[in-house]
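*Asks:* next come a sequence and a model predicted from it.
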Amino acid sequence: ESYDMGGHDTYMHKEIHEQVDAVDRVLRGRIDDRFSTVHLGGLNLDARAARGVRRVKILGCGSAYHTGLIGAQLIEELARIPADAEPASEFRYRNPVVDPDTLYIAVSQSGETYDTLAAVQELKRKGARVLGVVNVVGSAIARETDGGVYVHAGPEVCVVSTKCFTNTAVAFALLALHLGRIRDLSVADGKRIIAGLRKLPEQIAEVLRGEEEIKALAAEYANAKSMMFVGRVRGYPVAREASLKLKEVSYVHAEAYPASELKHGPLALIEPEVPTVAVLPDDDLLEKNRATLEEIKARSGRILAVAHRKQEKADHTIVVPRNEVELDPILMGIPLQLLAYHTALALGRDIDKPRNLAKSVTVE
Ligand code: AGP
């Protein structure tokens, strides 16, 4: 991949469409069918050390933090290690307890974000084991960490992260599968996840073929006073990232909440001018999520659902192909990148260089 625009009007559009190849690249050469696992050459974490990990703490900023939320869920689900993610910018200022049995993971596209780098340096000083999930090879965070997984998204020029977000989520799936197969994930489940990973590039292509429909939806919602993004568990990090992306590139105000939190306050905001984007994977929480749609409808809220089948309660549904439930969040974020892009286009924004933002924040 190069810096050439390749016929696209913006880097954001180009990078959204590069995701088919980018995901193929992060998988390439890493899958081990013999043992239903993956090889991650740069991890520097042998099986004994991996078995000794009692917790995983993921640190990053912005979109990188949101991939960390996906990563933490994947690690808990596949490796059954308690895991959580925290903004690196908060972690570094709060004198955290650094535990020798915790595996810390710094996540960053650029590998140069100062808050994340400072968190890594503080952790290293205290003797912690820190891995990196990084895109830019040889960057500061890649150099300071004990090992890690390169994301191989290729150069990302647009300030707003798209292909790197997706590839980082896939890299976390690989790491979770690797840790899982060293611990209690069965061969059958390893095979199931590998089959799901292999399906991703073609499924991403399928989502991208629906761009015209998403463009029409963006035109319909572009004049919203504000947008609400909701999801439960697997859908929640997708909602968080989609809300950030819309804000960054279109300047439309957006909020993201766990769907279950709506009734604890944000429902007060719902009205026809404040539509809701609901992320509804077809998992064990689908019925709960449908009840949330009813709550929104009862307040005259408009709903755009991202789901695996048409949702009767929603005004519109973007249907995405089904993968394994653990991997569904990776695909469900992609139509919402297109929604942010086409909203920004409809509003005439400077898509590749949104106001007030820099690609990487290398200062305090
Ligand atoms: C991406 O859409 C954002 N511009 C921003 O949140 C970014 O993800 C964040 O600043 C962290 O950057 P990094 O991944 O290079 O560390």
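*Replies:* On my side now, so go ahead. Numbering: from 1, shown residues only.
*Asks:* residues touching whichever residue of the stretch 51-200 of the chain sits closest to the ligand, list them.
*Replies:* The nearest approach of the stretch 51-200 of the chain to the ligand comes at residue 62, 1.8 Å away (Cβ to the nearest ligand atom). Using the backbone N, CA and C atoms, a C-beta is placed for each residue, glycine as well. The neighbours of residue 62, taking Cβ atoms under 8 Å, 6 or more residues apart in numbering as the test, are 161, 244.
*Asks:* let's see it at 10 Å
*Replies:* 87-89, 108-109, 113, 115-116, 160-161, 165, 241, 244, 248, 357, 360-361 (Cβ atoms under 10 Å, 6 or more residues apart in numbering).
*Asks:* which among those end up buried?
*Replies:* For these, a burial check counting by 16 or more other Cβ atoms under 10 Å picks out 87-89, 108-109, 113, 115-116, 160-161, 165, 241, 244, 248, 360-361.
*Asks:* now the strands for the protein?
*Replies:* 31-32, 37-38, 55-60, 83-87, 102-108, 129-134, 147-150, 227-231, 254-258, 276-280, 303-307, 316-319 (DSSP state E).
*Asks:* can you redo those strands as JSON lines with distance to the ligand?
*Replies:* JSON lines is the format used below for the strands of the chain (distance: least, Cβ to the nearest ligand atom, whole Å):
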{"stretch": "strand 31-32", "distance to the ligand": "25"}
{"stretch": "strand 37-38", "distance to the ligand": "23"}
{"stretch": "strand 55-60", "distance to the ligand": "6"}
{"stretch": "strand 83-87", "distance to the ligand": "10"}
{"stretch": "strand 102-108", "distance to the ligand": "3"}
{"stretch": "strand 129-134", "distance to the ligand": "8"}
{"stretch": "strand 147-150", "distance to the ligand": "13"}
{"stretch": "strand 227-231", "distance to the ligand": "15"}
{"stretch": "strand 254-258", "distance to the ligand": "13"}
{"stretch": "strand 276-280", "distance to the ligand": "17"}
{"stretch": "strand 303-307", "distance to the ligand": "19"}
{"stretch": "strand 316-319", "distance to the ligand": "21"}
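*Asks:* relative to residue 247, how far out is the residue of the stretch 51-200 of the chain closest to the ligand?
*Replies:* According to Cβ to Cβ, to the nearest Å, residue 62 stands 11 Å off from residue 247.
*Asks:* common neighbours of those two, please.
*Replies:* Common neighbours of residue 62 and residue 247 (Cβ under 10 Å, 6+ apart) are residue 160.
*Asks:* export the strands of the chain to a markdown table and tack on distance to residue 179 and mean pLDDT?
*Replies:* Listed next are those as a markdown table, based on distance: least, Cβ to Cβ, whole Å; pLDDT from 0 to 100:
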| stretch | distance to residue 179 | mean pLDDT |
| --- | --- | --- |
| strand 31-32 | 14 | 96 |
| strand 37-38 | 10 | 97 |
| strand 55-60 | 8 | 98 |
| strand 83-87 | 10 | 98 |
| strand 102-108 | 9 | 98 |
| strand 129-134 | 11 | 97 |
| strand 147-150 | 11 | 96 |
| strand 227-231 | 25 | 97 |
| strand 254-258 | 26 | 96 |
| strand 276-280 | 26 | 97 |
| strand 303-307 | 29 | 97 |
| strand 316-319 | 32 | 98 |
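*Asks:* okay, those strands, which one's buried deepest?
*Replies:* Of all the strands of the chain, strand 276-280 has the most neighbours on average by mean count of other Cβ atoms under 10 Å, namely a mean of 29.
*Asks:* about what we covered before: among the contacts of residue 62, which ones are in helices?
*Replies:* Counting by DSSP state H, the contacts of residue 62 place 88-89, 115-116, 165, 241, 244, 248 in helices.
*Asks:* buried residues, stretch 197-212. List them.
*Replies:* Across stretch 197-212, burial judged by 16+ other Cβ under 10 Å covers 197, 199-201, 203-204, 206-208, 210-211.
*Asks:* show me which pair in those is furthest apart.
*Replies:* 197 and 211 (23.7 Å; Cβ to Cβ).
*Asks:* ok, residue 255 - contacts?
*Replies:* Contacts of residue 255 (Cβ under 10 Å, 6+ apart): 226-230, 239-240, 243, 247, 266, 269, 274, 276.
*Asks:* which single one of those residues is nearest to residue 27?
*Replies:* Nearest member of the contacts of residue 255 to residue 27, counting by Cβ to Cβ, is residue 240, at 24.8 Å.
*Asks:* near the ligand, which residues of the stretch 51-200 of the chain show up?
*Replies:* Proximity of the stretch 51-200 of the chain to the ligand is confined to 61-64, 108-110, 113, 116, 159-161 under the rule Cβ under 6 Å from any ligand atom.
*Asks:* so which of those is the closest to residue 132?
*Replies:* residue 108 (7.3 Å).
*Asks:* ok, that closest one - contacts?
*Replies:* 59-65, 67, 88, 115-117, 120, 132-136, 139-142, 145, 151, 164, 168, 360.
*Asks:* the residue sitting furthest away from the middle of the chain: what's it in contact with?
*Replies:* In terms of distance from the mean C-alpha position of the chain, residue 298 ranks first, at 30.5 Å (Cα atoms, centre = their mean). The contact partners of residue 298, taken as Cβ under 10 Å, 6+ apart, are 267, 270.
*Asks:* can you count the residues close to residue 112?
*Replies:* Using other Cβ atoms under 10 Å, the number of residues around residue 112 comes to 18.
*Asks:* likewise the one 10 residues further on?
*Replies:* The local packing of residue 122 (other Cβ under 10 Å) involves 18 other residues.
*Asks:* surely it meets residue 106?
*Replies:* No. Taking contacts as Cβ atoms under 10 Å, residue 122 lies outside contact range of residue 106: 11.0 Å.
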